[in-house]
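Colleague: Please find the sequence and the predicted model below.
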Amino acid sequence: MRVLISAALLLATPLAFAAPADLTQSRIGFAMKQLGTPVDGGFKSFSANVELNPAKPEAGKADITIQTGSISLPTRDAEAEAKKKEWFNAAQFPTARFVSSSIKSAGPNRYQVTGKLTLKGITRDVSAPFTLKQQGALSVVEGVMPVSRLAFKIGEGDWTDTGTVADEVQIKFRVAFPAATK
Amino acid sequence: MNRPERYATPSILLHWLVALLIVVGFGLGLTLSGMPLSPTKFKLIGWHKWLGISVLALLALRLAGRLLWPAPALPGTMSPLAQLAAKGGHLALYALMLAVPLTGWLMSSAYGIPVVYLGLIPLPDLIAANETLAHQLKEVHELLNWTLALAVAGHVLVAFKHHFIDRDGLLFRMSLKQPRA
């Protein structure tokens, strides 16, 4: 099974060149609800290769790898908990990865990306609207991807209770990368 | 035993309601502080916060009540010093009922976790997220809670002294029932 997933991942990997992101200008965060209370977090360590030419968005690509152990949450207790087996199981699944399969224009400077997100060894189709802005020599894509944490078994056992931690998690991404030259 | 004047009925009801909320909120705080993270702990933290915010809101009502309906006079049998101590003690209780929930709210803000009253009404963050400050506020919140527990214990003991030793009928000021003549 693991071999199959790895093979699928390999096939999904973009073969074309994509520019490494400027990580100082990029953020991967998330927002969720605990008993109706919005709680924010993020991942301090990730790498991203993004290519997007506004003239030809369908040729664009994104490949983002997140170090699950770099999770940040409001309290140290919560961070330690999030790395455990029931949550990200960072020891066994140290990385999460998103690989785009298509980028479509959705209006001026607006796009929709679809792709495969692999989290905790589970791969699911995901999709997110995002915007594109130029900041000097950088292109900045910014958007929010809604995901179901339970679809990826993030929060097992007692933690499957969505009354305490809601199922929907908003992944907030901002990736800055060198603007397309043509 | 003469029949002393009672507090206004709304003030009496608020006193006992807040007393109940404080006892439950304190018990919850004590319970959850030693618990490992779990959905149950999350729920307890939520309820603990809601109780604290309720105490804060009801405190505002109680203070308004004190302005509307002044407290009945203390028995003349109490010495001026005892009367002063009673007033000082009550003032300390009011100050703690303000400081305890407020430091809890501040602490939550400092951790970067907003307080959403009853899971429905988002309250503003009082300060920006700051982990060091959050830890310090946690210490202060705990210390103030123990101070409040001591103050409440003193309040109850002195009330019992009035009732069982002085037998001055002072407790009837806060009684939900009219004392028997």
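Modeller: Cool, got the structure.
Colleague: Now name the helix or strand holding the closest residue to residue B:96 other than its chain neighbours.
Modeller: Nearest residue to residue B:96 in three dimensions, chain neighbours excluded: residue B:148, at 4.3 Å (CB to CB, 6 or more residues apart in numbering or on different chains). Yep, even glycine has a C-beta here, placed from its N, CA and C like the rest. According to DSSP states H and E, residue B:148 maps onto helix B:131-160.
Colleague: Repeat that for residue A:112.
Modeller: strand A:110-119.
Colleague: distance between that strand and the chain's centre?
Modeller: 8 Å (CA atoms, centre = their mean, to the nearest Å).
Colleague: Neighbours of residue B:13, how many?
Modeller: Counted by other CB atoms under 10 Å in any protein chain shown, the residues lying close to residue B:13 total 13.
Colleague: For it, which non-adjacent residue is spatially closest?
Modeller: In space, residue B:13 is closest to residue B:176, 7.5 Å off (CB to CB, 6+ apart).
Colleague: which residue packs closest to residue A:134, ignoring adjacent ones?
Modeller: Looking at residue A:134 with CB to CB, 6+ apart, the closest residue is residue A:179, at 6.1 Å.
Colleague: Spit out the contact partners of that neighbour.
Modeller: Applying CB atoms under 8 Å, 6 or more residues apart in numbering or on different chains to residue A:179 gives the contacts A:134, A:137, A:138, A:139.
Colleague: In this structure the residue nearest to residue B:96 contacts residue B:22, no?
Modeller: Yes: the pair residue B:148 and residue B:22 passes the contact test of CB atoms under 8 Å, sitting 7.3 Å apart.
Colleague: higher neighbour count, the two?
Modeller: residue B:22 (23 against 19).
Colleague: Pull up the per-residue confidence for the more buried one.
Modeller: pLDDT, residue B:22: 98.
Colleague: thinking again about what came up before, neighbours around the residue nearest to residue B:13, how many?
Modeller: If we define neighbours as other CB under 10 Å, then residue B:176 has 10 of them.
Colleague: Repeat that for residue B:155.
Modeller: With other CB under 10 Å as criterion, residue B:155 counts 16.
Colleague: What parts of chain B come near chain A?
Modeller: Residues of chain B lying near chain A by CB under 8 Å from any CB of the partner chain: B:37-40, B:42-43, B:46, B:111-116, B:119-120, B:122, B:129, B:134.
Colleague: Take these and keep only those in helices.
Modeller: B:39, B:40, B:42, B:43, B:46, B:111, B:134 (DSSP state H).
Colleague: Mark which of the residues you listed are buried, thanks.
Modeller: Neighbour counting by 16 or more other CB atoms under 10 Å in any protein chain shown classes B:39, B:42, B:43, B:46, B:111, B:134 among those as buried.
Colleague: Determine which two of these are furthest apart.
Modeller: B:39 and B:134 (22.3 Å; CB to CB).
Colleague: could you pull out the strands for chain B?
Modeller: With strands called from DSSP state E, chain B shows them at B:116-117, B:121-122.
Colleague: Mean neighbour count for those strands - can I get that in CSV?
Modeller: Output for those, formatted as CSV (neighbours: other CB atoms under 10 Å in any protein chain shown):
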stretch, mean neighbour count
strand B:116-117, 18
strand B:121-122, 12
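Colleague: Alongside chain B, which residues does chain A contribute?
Modeller: A:34-40, A:74-75, A:77-78, A:81, A:158-159, A:161, A:163-165.
Colleague: If any of these are buried, put those into a PyMOL selection.
Modeller: Here is the PyMOL command that selects the buried residues among the residues of chain A next to chain B (16+ other CB under 10 Å):
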select buried, chain A and resi 34+35+36+37+39+40+74+75+78+81+159+164+165
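Colleague: quick one: which of the residues of chain A next to chain B sit in helices?
Modeller: Per DSSP H, the residues of chain A next to chain B map to helices at A:77, A:78, A:81.
Colleague: Give me the lowest-pLDDT entry from the contacts of residue A:179.
Modeller: residue A:137 (89).
Colleague: Quick check on it: phi, psi?
Modeller: Per-residue torsions, residue A:137: phi -80, psi 0 (degrees, to the nearest 10).
Colleague: next one: phi and psi at the closest residue to chain A within chain B?
Modeller: Nearest residue of chain B to chain A (CB to the nearest CB) works out as residue B:119 at 3.2 Å. The phi and psi values for residue B:119, taken as degrees, to the nearest 10, are phi 70, psi 10.
Colleague: How about residue B:169?
Modeller: phi 70, psi 20.
Colleague: residues near residue B:50, how many?
Modeller: Residue B:50 has 21 nearby residues by other CB under 10 Å.
Colleague: quick one, what contacts it?
Modeller: Neighbours of residue B:50 in contact, by CB under 8 Å, 6+ apart: B:117, B:118.
Colleague: residues contacting residue A:141?
Modeller: A:50, A:52, A:62, A:111, A:130, A:131, A:132, A:173, A:174, A:175, A:177.
Colleague: Many thanks, I have nothing further to ask.
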